[in-house]
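Undergrad: pasting the structure only:
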């Protein structure tokens with residue numbers, strides 16, 4: 001449980017850091033104007049969620065929905081085939097919205 005909490009905090013810290021880097025990059029024109037920052041952030045957010053999901057969720061867990069690590073509610077299980085398919089569809093949708 002302690003490892004899961006630390007990984008959730010690490011993921012949250014990475015997400016916040018990426019958000020501010022993207023914000024600074026768009027404000028200082030480091031990121032080209034034809035790249036939309038919000039879908040790019042969504043793509044990075046989904047990728048971090050999938051990676052942390054594979055690290056945190058045990059391989060024996062096959063339920064589609066799991067309790068969230070931070071906050072209340074449920075989240076998709078990337079170790080479930082249908083859950084991974086939904087995550088990949090969201091990732092593709094975010095990638096197509098970037099350009």
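TA: Cool, got the structure. Remember, predicted model here, so these are calculated numbers, not experimental data. Numbers count the residues shown, from 1 in each chain.

Undergrad: is residue 22 in contact with residue 40, as I believe?
TA: Yes: at 6.4 Å, residue 22 and residue 40 qualify as touching, with contact defined as CB atoms under 8 Å. (Each C-beta comes from the backbone N, C-alpha and C, glycine too.)

Undergrad: now for those two: what residues contact both?
TA: For the pair residue 22 and residue 40, residues contacting each of them under the criterion CB atoms under 8 Å, 6 or more residues apart in numbering are residue 31.

Undergrad: got the domain ranges for the chain?
TA: The record's domain parsing of the chain by the TED database lists 1-32, 34-98.

Undergrad: quick check: end-to-end length of the last one?
TA: Put plainly, it is domain 34-98. 8 Å (CA to CA, to the nearest Å).

Undergrad: any idea of the mean pLDDT for that domain?
TA: Domain 34-98 shows a mean pLDDT of 86.

Undergrad: also stretch 15-23?
TA: Mean predicted lDDT for stretch 15-23 stands at 91.

Undergrad: can you lay out the domains of the chain as JSON lines showing mean neighbour count?
TA: Shown next, in JSON lines, are the domains of the chain (neighbours: other CB atoms under 10 Å):
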{"stretch": "domain 1-32", "mean neighbour count": "12"}
{"stretch": "domain 34-98", "mean neighbour count": "14"}
